[in-house]
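J.: give me a model of this one.
(chains A and B)
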Number of protein chains: 2
Amino acid sequence: MGKLARKVAIVGAGMSKFGRLFPLKRNPDLWIDAWMAALKTVDNGIEPKDIDACYVGNYSSDLFNHQGHLGPQMANLVGLTPKPAPRFEGACASSGIALRQAIIAIASGIHDVIAVAGVECMNELPTSLVTDALATASDVLFEYPAGATFPGLYATVASAHFHKFGTTAEDLMRVGIKNHINGKENPFAQMQSSIKDMMEKKKVKLESQGREVPDWKDEFDYLKSSSNPMIASPLRLFDCSLVTDGAACVFLAAADVAKNFTDTPIWIAGTGQGSASLSLHDRDSLTSFIATREASRQAYQMAGMKPKDIQIAEVHDCFTIAEILAMEDLGFYEKGKAVDAIKNKESYRDGDLPINTSGGLKSKGHPVGATGAAQAVEIFKQMRGIAERNRQVKFDVERALTHNLGGSGGTCVVTVYQK
Amino acid sequence: MGKLARKVAIVGAGMSKFGRLFPLKRNPDLWIDAWMAALKTVDNGIEPKDIDACYVGNYSSDLFNHQGHLGPQMANLVGLTPKPAPRFEGACASSGIALRQAIIAIASGIHDVIAVAGVECMNELPTSLVTDALATASDVLFEYPAGATFPGLYATVASAHFHKFGTTAEDLMRVGIKNHINGKENPFAQMQSSIKDMMEKKKVKLESQGREVPDWKDEFDYLKSSSNPMIASPLRLFDCSLVTDGAACVFLAAADVAKNFTDTPIWIAGTGQGSASLSLHDRDSLTSFIATREASRQAYQMAGMKPKDIQIAEVHDCFTIAEILAMEDLGFYEKGKAVDAIKNKESYRDGDLPINTSGGLKSKGHPVGATGAAQAVEIFKQMRGIAERNRQVKFDVERALTHNLGGSGGTCVVTVYQK
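T.: Numbers count the residues shown, from 1 in each chain, chains lettered A, B, ... in the order given. Okay, the predicted model is just below:
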């Protein structure tokens, strides 16, 4: 148990622009944009006839778009009918699961090449209903009727972390500041502005309106102001990821056919998946996610690696506190120590362990079912050395990791990549 | 491509009672009932510690129950936290996909034993909203706004079949009559009455009310009466499957560990999955489902079998016309010839090729996401010789098939079983 019978590689990957794109773009449009972007990265080209199946990750087109049964529709749009087109769901880890199941399917010998899709078009609903749709990924019998939507649930996690480890609101802000600096360099990101940019813009605006311009001396001043309202204490607006429309596409191939497509495949070294009770009150701990610990344990074991072997990572920062938990639960830092690393800018692009070079869910955006596949896209680009603008890390990335979380940690998928 | 690296067996399988069970039973209750029923069939017992993952098939708890992210919840209820718990969706083929992906995962070497769940609790919604929720598995951009819910779409298919092959309303009725005769013998079925039983009951009722008792000389007379109203011409009420709450559980194990659980495993000989455009108007044919042809082609090839090798089958009779299409598209009969076989009672329990000995979706019920797994439960029972009441076929079943369809044929999963 726990070993794959065949080696699997990524031979191409790309994503659509992330943003508030509905009604200009719906799932079909977003998916085609991602497919076209991924095609461009396949050195020797890839055609529908080369592909055996389309594995679709999506959280809830049912609720967001009143369209279920997305698998065959996505497959049909790119010429893959009548091939297998299953859909996978695990809340915000949906396309992490699609990626994992595709890896497993190729390893099993049943398929050689699979197109993995992650798609979500959230802005078809007004924001209040988006929050409601997302809340169905919590425990609807216990948490939802208590009004505990995800900002509230992650606020509970943050409060517990504050209490246990002395973490502060400033620590959370540091995560957001760093991710916005990264997102500024990502042409596919929803928000391509640093917090400093936003602060300056706000100053100019207030000035032009003849209103009083506050004397914000740094980002923290700005983030503590009314420009960053409290959502669910201690989480403010800029502690929350975005409501996003977007898609991502990853082409996976078995070792023996990967060479047909490229001379520089990115290998899947390990995959792991864990679960937990949906409801927080059923957990042993509020400050550590067992699903992350279990998923990473499996993935490291399969890869024959330890946390210290990982050079860059994309982690699931649906809220700033979630990035801190991930840094700890993935074993990068001891419990309660991630905040020091953040303070020391170790997770910056030029730090010891760059995290979320894409901008993360916070700045790149979080089309929930597309996020897992989009994380793989960023790692693919970083390992290939093709990350856009000034986002490319300055060393050759040999080993990387993605961490894709569902709900308040009910599902986690961890993938380890190797060159 | 197309071969599994490891052999996989069913070592236990069971289902909950199917019926209109909400609010007495919700998904968690239904799943536990199915789990307990499946446990009883594992000769040497099975415990959570023996199981590596929980693969959950569900169409839309999002819409039916306003609860997404079902995987971890189902896993948690049976003591499988923190193991992997992905959810799979392909409309009414959702747990057929879960079963297939579990087969693939075991073949890949990543898991040895998987609990496959199929769950759906539909009656939380009023019937009109059930029809609407199901309609999201059609093409929501083109079919849904035209009012083409599934009875309408399958009525289109039936009309085309009538036109092309001379099929009649009586031919459809014969499918329902047979399936209700089978369902009568299934203690887990939603409707445990033959059409004749219902006819007699109606007569007694009318008599007791002092109303005129029609002179129905056979089931056809009854089925042509106002007791069987037209839903979408030519489909009447008794051409449609049921709105059902239910769950099913299948324990799968790799060849090398299957012997720990039983001396009589039921082997998976082949699995196939196909897809088609969601919308009927994008298809080449209205009278044949390409997803079924493709899924069965793959499954037969993997099994090294031909249609004539299959001794019994559970096929997806969401509407009576769908059973006829399945009999043809699976290669059991030539196009247009299945109706003769039905007339000759070849698909009856004591016929040459018994079909839907469980009662099928028509009589056993159709909790959409649970149906694929429940089909496997019936085949398991028939191959083990443990089908209840008078439903057990009279010969030793060596080779069998299940056919699980999603939407109006947008997804199809075919599984071939062998002793």
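
J.: dump the residue contacts of the spatially most central residue of chain A.
T.: Nearest to the mean C-alpha position of chain A, by Cα atoms, centre = their mean, lies A:T371 at 4.0 Å. By Cβ atoms under 8 Å, 6 or more residues apart in numbering or on different chains, the contact list for A:T371 reads A:C92, A:A93, A:S95, A:G96, A:G118, A:H316, A:L361, A:N404. Any C-beta I mention is one placed from the backbone N, CA and C, and that applies to glycine too.

J.: which member of those residues is positioned nearest B:V250?
T.: A:A93 (24.0 Å; Cβ to Cβ).

J.: please name the nearest non-neighbouring residue to the closest one.
T.: Once flanking residues are discounted, A:A93 sits nearest to A:G406: 3.6 Å by Cβ to Cβ, 6 or more residues apart in numbering or on different chains.

J.: and the one you found, what pLDDT?
T.: Listed pLDDT for A:G406 reads 98.

J.: is it bridged to anything, and to what?
T.: Taking DSSP bridges as the rule, A:G406 bridges to A:T411.

J.: so it makes contact with A:A137?
T.: Yes. Contact criterion Cβ atoms under 8 Å: A:G406 and A:A137 qualify, at 6.6 Å.

J.: could you check the pLDDT of the closest residue to A:V413 other than its chain neighbours?
T.: Spatial nearest neighbour of A:V413, chain neighbours left out: A:G96 (3.4 Å); criterion: Cβ to Cβ, 6+ apart. For A:G96, the pLDDT comes out at 98.

J.: for the helix or strand harbouring A:G96, the distance to its chain's centre please.
T.: Per DSSP states H and E, A:G96 falls inside helix A:94-108. The chain centre lies 16 Å from the centre of helix A:94-108; the measure is Cα atoms, centre = their mean, to the nearest Å.

J.: could you look up the next helix or strand downstream of that helix?
T.: Heading C-terminal from helix A:94-108 (DSSP H and E), you reach strand A:113-121.

J.: packing partners for the helix or strand containing A:S128?
T.: Element membership for A:S128 (DSSP H and E) is helix A:127-135. Helices and strands touching helix A:127-135, as assessed by 3 or more Cβ pairs under 8 Å, 6 or more residues apart in numbering or on different chains; DSSP states H and E, comprise helix A:61-65, helix A:150-165.

J.: contacts for the helix or strand of chain A with the lowest mean pLDDT?
T.: The weakest-scoring helix or strand in chain A, judged by mean pLDDT, DSSP states H and E, is helix A:127-135 (a mean of 93). The contact list for helix A:127-135 (Cβ under 8 Å, 6+ apart) reads A:60, A:63-64, A:122-123, A:125, A:143-144, A:148-151, A:243, A:368, B:62.

J.: which positions in the stretch 101-250 of chain A make contact with chain B?
T.: Within reach of chain B by Cβ under 8 Å from any Cβ of the partner chain, the stretch 101-250 of chain A has these residues: A:101, A:104-105, A:107-112, A:133, A:136-141, A:144.

J.: and the buried ones among these, selectable in ChimeraX?
T.: The buried residues among those can be selected in ChimeraX (16 or more other Cβ atoms under 10 Å in any protein chain shown) with this line:
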select /A:101,104,105,107,108,109,110,111,112,133,136,137,138,139,140,144
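
J.: how about the secondary structure of the residue lying closest to A:Y417 once chain neighbours are set aside?
T.: Distances taken as Cβ to Cβ, 6+ apart place A:A400 nearest to A:Y417, at 4.6 Å, with adjacent residues excluded. What DSSP: H, G, I helix; E, B strand; the rest coil gives for A:A400 is strand.

J.: A:I386 versus A:A400, what's the distance?
T.: Going from A:A400 to A:I386 by Cβ to Cβ, to the nearest Å gives 14 Å.

J.: do A:A13 as well
T.: For A:A13, the distance to A:I386 (Cβ to Cβ) stands at 10 Å.

J.: which other residues reach stretch A:178-197?
T.: Taking Cβ under 8 Å, 6+ apart as the rule, stretch A:178-197 contacts A:15-20, A:176-177, A:198, A:201, A:219, A:222-223, A:238, A:242, A:244, A:246, A:317, A:323, A:342, A:345, A:347-349, A:355-360, A:362-365, A:388-391.

J.: which among those count as buried?
T.: So, by 16+ other Cβ under 10 Å, the buried ones in the contacts of stretch A:178-197 are A:15-19, A:176-177, A:198, A:219, A:222-223, A:238, A:242, A:244, A:246, A:317, A:323, A:342, A:347-349, A:355-360, A:362-365, A:391.

J.: A:N260 is in contact with A:D43, isn't it?
T.: No. Applying Cβ under 8 Å as the test, A:N260 and A:D43 come out as separate, 10.0 Å apart.
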